[in-house]
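Peer 1: Whatever this is, show me its structure:
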Amino acid sequence: QAAKRPRRRGTAPEEAGKGSRKHPKGGRRGEEEAAAGGSLFQAVSSGKSATEESAEYPLSLNSPAWRRFRVGFCELIAVLVRRAQHGVIYDEYLMDSLVALLTGMSDSQVRAFRHTSTLAAMKLMTALVRVALSISVQKDNRQRQYEAERAKGLNRRAPEKMEELLEQRREGKPLLFFFFTIFSSINAKKEGGGLIDLVPEIRAICIEEMGQWMQYYSTSFLTDGYLKYIGWTLHDKQGEVRLKCLLALKGLYRDKETAARMELFTSRFKERMVSMVLDKELQVAVEAVRLLTLILQNMEDVLTDSDCESIFPLVYASSRPMASAAGEFLHRKLLAPATYASGEAEGCSEDSRTFLQSLLCFFIESEFHDHAAYLVDSLWDCAAPLLKDWPVLTGLLLEEPPLEGELGTGRGMRQATEGHPPVGRASGKKAFSARERKMQAEDRRRLTQHLIPLLPQLIAKFSADAEKVVSLLEAPGYFDLALYSTGRLEKYLELLLVQLREVVEKHSDPEVLGAASRALHLLCRPELTFFSRADFARSRLVDHLADKFQHKAKELFQNSVLKEEDAYSMAATLKRIAIFHSAHDLTPWGFFEPCKRLLHHAVDTGEVPQELPRAMTCCHFSLLWELAHISGSADELSPSQEQVLSLKKKVKSFCSLCQRCFTDTDPKVQEQAFVLLSDLLLVFSPQSAKKGGGGSNEGSPGLAALAYQAEPALQSQMACFLLDHVFSHCQDQDSIVDEEEDSGALHIERLHQRRNLLAGFCKLVIYGVLELSAASDVFKYYAKCYNDYGDIIKETLNRVRQIDRTEWAQTLLLSLQQLLAQLLLEQGPGGVESEAFQEIRDLARRFSLLFGLHQLQNRSALVALHKAGIKFAFQEAASPNAQLGLVHLPFLELLSEFSPRLMHPDKALLLSYLKRFCPAAQSEEPHWTSFLVYQHSLSPQEEERPKSAAKRSRLDGSSSSELRVSDASLPSSRSSSRLQTPLLTSTALRVKDQAKGGLQLKGQVDSGGSESEFVLR
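Peer 2: From the prediction side, this is the model:
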C-alpha cells in the first residue's frame, strides 16, 4: 500500500542529516533506524575534511576479480530497484536514506568515496528511470483504454471498467511525481558536480548514464538542460570522456524521431563533432565518423559539402577501422544514396553500374591518393556485393568508349578471394573461420568462371595501358586454375598464353614484365594438368628472346660496336631475360657464358654501359639456379665433383667481374655490382655451404667445396663503396634541404636505395662473411646519419653484440679511433677544441649506453676496451718530426664516457694500471686535461663520505681550476698541425689517399686479455 501514499519530500540530504526521520509504523524501532541512518550520514560527511586520496580502492583496480566486482555492484543496484519497484521503493525511508548517503559521499574529498557514490547514484538513477518509464507507459495505455471505452455508445459502455481505469490513471500521476522528486534530488547533487570532477572516470560515468536516460525516457530527459552537458563535455581533455559523449550521442541519433528533436543541439555543436574526426585518439576519431554517418542518415541537409569534404580523405587512412568508417560515410553520401533510400542492401545491376561509375569519378576528381586498393578496402565492409559484381565491372571495361581510370580490379579480386587488407592496414594475421573460408572459395570459383573467357579479350584491349595490364595480369593468381581443365576451357588458356607473349614483346616496363613473368610461372606449375601446354609456350618465348640476344651479341663481338638502335634492342632483350630468369629456370639456354663475355667486353672497352646491369643480373640468377639444382640433387645423391668445381669457378669469375665494375664511372653499375656481390657472398659463404646452400639445416659434404671467401681487397673495395655512395650523402645536409619540392619523391627513392645497400653490407657482417671489425666503418656514422640509417645501424649493433661482446666492444673502440685519427689528420691537434671532437664524444656516449645495466655480462668487454684505449692514447708516433709526442692523448676523454659502466673494483684496478702505464704519472702529477678527465672518471668518488659544504666547494673549485688548464701546459703533442695520413682512418684500403712517409704507430693495439691477466699486469 506504500505506492498509494506519496508524500511531500524535502531536500534529501538535509532530512537525512537531521536524523529525525520516523518509521511509518512508529515505535522505538523506527527511532533506532533513523538514528542509525543519521549516524551513517554523519560518518560519511565527516570524510569531507579528508585531503588524502586513496591509492587503491575496488573501482580503481583493473584485475579480473575486481572487474567482476564492479559488474556485480552495478547489477545489485539494478536488481534492488527492480525487485522493490512495487512496494518498498515508495516507503518514506529507503530511498531518502540511500539518496542522502550517496549525495553525502559524493561531496567527499576522498576519491574512493566520490567515485563509488557517483557510480552507485548514476546506476540507481538509471534503474529508477526504467521504472518511471514503465509507469508512464502504463499510464498512457490506461488513458487510451479509457478514451476508447468512453467513445463507445451508452449501451456498450462498462461504467465499472471506466471507473477502474480512471482510478489507475489518477494513481499513476503521484507515482511519477515521486520519481521526478527523487530525480531532482539526485541531479541537484550529481549532475553538475560529477561532470566537473577532476577524475575522468567519474565524468565518463555521468555522461554514459545520462545518455541512457535520454535514450530510455526521451520525453523527460531529452531537453536542452541535459544535452548541454554532453555538448560541453565534447571538449574534454580526456579521450575516455570524449568517447563516452560520442557513444551517448550515437544512441540518440540512431533513432530518426529522436534526431529530429535535436536540431538545436546539432546546429550548435556540429562544428565540434566534425572536427573530432581528426582527434588524436584513434577510437574517438572513428566514433566521430560513425556519429556523423548517423547524422547524415537521419537528418537531411545538416552536413554541408565542406563538412563532408573533411571526411572523404579518411578513406585513405592507414588505420582500417577509420578507413572503414569513412568508407561507409562516403558510400551513403555519394555512391549509393538511391539504394539506401529504397532500402535495398545489394541493389540490382543498374545500381552496381551507377555505383562503380560514381566511385571512379570520385577517385579521379578527388586526387587524394594514387592507390585504388586502399579505396576499395575502405568500401569493402559496406559495399562488398557491389564491388564483387564481376559482370558489371567487366562490362564497363569492355564497352566503347573505354572506361578511363583504374577501378582497383586486382584489389577487389584479392579482397574477395583472400580477405587480406592492403599493405599498411594489416593489424595482424587474421584467422578466418570455416564460414569465411567457404565464402572465399565460392567467390574464387565465381570469379574464375566469369573471367577466364574474358581475360584474353581484356588484355588485348588494354595491352597498351601498362597500369591496366599489370592489374589484369594479376588475375590468374586469384583463379582456381584447375577449372581450365575441369571446365573444358583450354582454348581460353591458349588465348591467354598468346596475349602474354604479345605483352612481353610490346612492353619494356619492369613492372609489366614482372607481372607477365609471375602469371606465366603460375600457369607452368608441374601439378597442373595443362603444364605441358604452358611449358611449351614458355619455351617458345624464351627461344625467341635467346635468338634475338645471341644475334645482337654476335654482331657486337664481331664489329666491337653497335648502332644506337641495336644497342637499345639488346638492352631491352636482356631486361626481359633477366626478369624472366628471376622466376623461371632458364639454365638450359645457357645465358651465363654469353652474358659473362658481354661483361668482359663492356668492362674492357666501356662501350655498352647500359647493358651491364641486366647482364650482371642474368649471370647472378644463372648461378643461383645452378646452385638450386646441385642442392636439390644433394638430397638424394651426392653431387659430382665436376659440377661443384664448375659452379665455384663461375662464382669466382663473376665476383671478379663485379669487383672490376667498382671502377666504372656509372653509379648504377657500381650499385648493381655491390648488391649482387652482397647476395652471392652471403649465399656462398662457408656457413651457408655447411647448411646446404639452399638453407637446409644439414648440408651435404660435397657442397662444402662451394664455400667462397671474399679476398681482403674485395672487402676493402666494398667498404670504400659504402663510404662513397651511402655515407657521403650525410656529410652535406644543406644540399638535401635546398632540393626543390618536385624532387622529394626522387630523394626518397634514392634514400631507399642507399638503405638497401647499407642493409646488404650489414648482413655480411652479421652472418660472419666479413670480420666484425669491418663494421667500424658503419658504426662511426651512427650519430651523424641517425635520421637516415639509425634503425639499421642500431639493429646491427645489437646483433653483433649477441655474437661476441668483447669483439663488439673492440669494434666500437676502433670506430672512435678512426674518427679521432681522421680529425687529427684534417685539423691537426687544434681539432680537439672543435665542434667535431664534441660530436665524436657524443658518439662515444651513445656507444656507452648500448652496454646497458648488465655489468656482469659486460665486465670483461669493458675492461678490455679500456685497456686497449689506454694503450692507444699513449702510443707515440714514429715520424721524422719528433715534436709530435702523444697525439692520441685526447682519446682518453672519449674513453671517459665508458667509465660509468664499470664496476667499482675495475675502476680502481684501471686507475692503478693507468698510473703504471704512464711514466710521467709516477714522478709527478701530469697536468694534461684529457688525462685528468679520464682519471677523474675512474676515481671512486661515490664511495667517499660526504664532506662539509665549505670543504666540498673548496675541493670542487680546485679540481675545476685544474681541468681548465690552458693548452700551453700540455706537452708538445699539439704543437704541430701538419700531419701525414695516419692509420686507422678506415678498415678500407684507400690507395688513393695514402701518402709517402705517413705517420705510423710503434705497435698494434692490444685486443686485451682476460681479467686475471689484467690484474697480474
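Peer 1: ok, which stretches of the stretch 401-550 of the chain are helices?
Peer 2: 409-417, 434-461, 466-473, 483-486, 490-506, 510-523, 531-559 (DSSP state H, counting those that start in this stretch).
Peer 1: Tell me which of those helices lies nearest to residue 100.
Peer 2: Residue 100 lies closest, by CB to CB, to one member of these: helix 434-461, at 55.2 Å. In this view, the C-beta of every residue, glycine as well, is placed from N, C-alpha and C.
Peer 1: and the closest one, how far out from the chain's middle?
Peer 2: For helix 434-461, the separation from the chain centroid amounts to 33 Å (computed by CA atoms, centre = their mean, to the nearest Å).
Peer 1: Buried residues of that helix, list them for me.
Peer 2: 440, 443-444, 447-448, 451-452, 454-456, 458-459 (16 or more other CB atoms under 10 Å).
Peer 1: Among these, which one sits closest to residue 729?
Peer 2: residue 459 (42.0 Å).
Peer 1: How about the closest one: what's its closest non-neighbour residue?
Peer 2: residue 499 (4.4 Å; CB to CB, 6 or more residues apart in numbering).
Peer 1: Which residues does the strand or helix carrying residue 653 contact?
Peer 2: Applying DSSP states H and E as the criterion places residue 653 in helix 641-661. With contact meaning CB atoms under 8 Å, 6 or more residues apart in numbering, helix 641-661 is reached by 592, 596, 599-600, 603, 612, 616, 619-620, 623, 626-627, 630, 669-670, 672-674, 676-677, 680-681, 684, 702-703, 705-706, 708, 710, 713-714, 717.
Peer 1: one more time with 6 Å
Peer 2: For helix 641-661, contacts defined as CB atoms under 6 Å, 6 or more residues apart in numbering pick out 599, 603, 619, 623, 626, 630, 669, 673, 676-677, 684, 702, 705-706, 708, 714.
Peer 1: related to what we said a few turns ago, quick one: residues contacting the residue nearest to residue 459.
Peer 2: Taking CB under 6 Å, 6+ apart, one finds 456, 459-460 in contact with residue 499.
Peer 1: Now the residue minimising distance to the centre of the chain. Nearest residue, chain neighbours left out?
Peer 2: Closest residue to the average C-alpha location of the chain: residue 424 at 7.7 Å, with CA atoms, centre = their mean. Leaving aside its chain neighbours, residue 424 sits nearest to residue 318 (5.2 Å; criterion: CB to CB, 6+ apart).
Peer 1: Look up how far residue 422 lies from that neighbour.
Peer 2: Noted for residue 318: a distance of 10 Å to residue 422, by CB to CB, to the nearest Å.
Peer 1: Which one's more surrounded, the two?
Peer 2: Ranked by neighbour count (other CB atoms under 10 Å), residue 318 and residue 422 place residue 422 first, with 20 against 10.
Peer 1: isn't that one right next to residue 375, touching?
Peer 2: No. Counting by CB atoms under 6 Å, residue 422 stays clear of residue 375, with 9.9 Å between them.
Peer 1: related to what we said a few turns ago, tell me the secondary structure for the residue nearest to residue 424?
Peer 2: coil (DSSP: H, G, I helix; E, B strand; the rest coil).
Peer 1: before we move on, what about residue 62?
Peer 2: Applying three-state DSSP: residue 62 is coil.
Peer 1: buried ones in whichever strand or helix holds residue 226?
Peer 2: Taking DSSP H and E as the definition, residue 226 sits inside helix 224-233. By neighbour count with 16+ other CB under 10 Å, helix 224-233 contains the buried residues 226-227, 229-231, 233.
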